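> sequence and predicted structure are below.
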Amino acid sequence: MESANIVILTGAGISAESGLATFRGDDGLWEGHRVEDVATPEAYRRDPALVHQFYDARRARLAEVEPNPAHLALARLEAAWSGEFLLVTQNVDNLHERAGSRQLIHMHGQNTQGWCLACDDRFPWDGPMGEGACCPLCRTQGRVRPDIVWFGEMPYKMDAIEDALRNCDLFVSIGTSGAVYPAAGFVQTARYCGARTLEINLEPSLGSYLFSESWTGKASVEVPKWVKEILGG
Ligand SMILES: [Zn+2]
């Protein structure tokens, strides 16, 4: 197994254990907002101030949270692994990179990055962005948005992800609901191409039956346990 190719998908569940609100609470709202009001291109056109306020608050919150044992275990696995390794995350926070992960794709973008609609460039962004944000490259003001893939937009690097899924021997899904496509379909792609598939989630997800193995429990407990096992104790 030591030279096998691994693809790992992470979702909101792994960030939740660091104290970041999951994308949909029990009330169906995301920190008090309807998803349509803060996470769509239409919302941004209609009320950019509200959308910026929402993402500015979440960006500020990143300074108050830390990667948890699940993030750290995945970075440890990557560093020790001799086969191909790719971590795909649906999360827009920076906890995986802060834990030390390198081969990482943010398929839904990153909140610590800005995207200038005037020059189409992307750049790191730490503080508040707001409506008056100025592009560090072309200097245009008011055309910088969070580099987040909103509902109705195309996730990033799907070709690279599909390639990795078709070539992997092991696919592991961690802390995702299995409800949001295209990520929900990754397990099928990997399985059709012969990969072993494992789900680690707080509760069996909607797509649980598609996995060859399923672990139920907290990511911060189960992921370090799994990493220890796969690295041979
Ligand atoms: Zn620009």
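Ah, there it is.
> hmm, which helix or strand of the protein has the shakiest average pLDDT?
Every helix and strand of the chain was ranked by mean pLDDT, DSSP states H and E. The lowest is helix 35-38, at a mean of 88.
> and it, what's buried?
Asp37, Val38 (16 or more other C-beta atoms under 10 Å). From N, CA and C alone the C-beta is placed, and that goes for glycine too.
> ditto for stretch 209-228
Buried residues in stretch 209-228, counted by 16+ other C-beta under 10 Å: Leu210, Phe211, Ser214, Trp215, Lys218, Ala219, Ser220, Glu222, Val223, Pro224, Trp226, Val227.
> what sits up against that stretch?
13-14, 17, 68-70, 72-74, 76-77, 172-175, 187-188, 191, 196-204, 208 (C-beta atoms under 8 Å, 6 or more residues apart in numbering).
> run the last query once more with 7 Å
By C-beta atoms under 7 Å, 6 or more residues apart in numbering, the residues outside stretch 209-228 that reach it are 13-14, 17, 68-70, 73-74, 76-77, 174-175, 187-188, 191, 196-204, 208.
> what's the average pLDDT for the longest helix along the chain?
The longest helix of the chain (DSSP state H) is helix 48-61. Mean pLDDT, computed over helix 48-61, is 95.
> ok, now stretch 210-218?
On average, stretch 210-218 scores 95.
> which bits of this structure sit near the ion?
Cys116, Ala118, Cys119, Cys135, Leu137, Cys138 (C-beta under 5 Å from the ion).
> ok, the closest residue to the third one other than its chain neighbours - contacts?
Taking C-beta to C-beta, 6 or more residues apart in numbering as the measure, Cys119 lies nearest to Cys138, with 3.9 Å between them; neighbours along the chain are not counted. Under the criterion of C-beta under 7 Å, 6+ apart, the contact list for Cys138 reads Cys116, Ala118, Cys119.
> what pLDDT is listed against Cys138?
You'll see Cys138 listed with a pLDDT of 98.
> quick revisit: which ones among the buried residues of stretch 209-228 are found in helices?
The helices, defined by DSSP H, take in Ala219, Ser220, Glu222, Val223, Pro224, Trp226, Val227 from the buried residues of stretch 209-228.
> what's the closest of those to the ion?
Ala219 (37.2 Å; C-beta to the ion).
> which stretches of the protein form helices?
12-16, 35-38, 41-46, 48-61, 69-80, 95-99, 158-166, 186-192, 219-230.
> out of these, which gets the lowest mean score?
For these, mean pLDDT drops lowest on helix 35-38, to a mean of 88.
> pull the residues that contact that helix.
Trp30, Ala43, Leu50, Val51, Phe54, Phe151.
> which residue sits closest to the fifth one, ignoring its sequence neighbours?
The reference is to Phe54. In space, Phe54 is closest to Val38, 4.4 Å off (C-beta to C-beta, 6+ apart).
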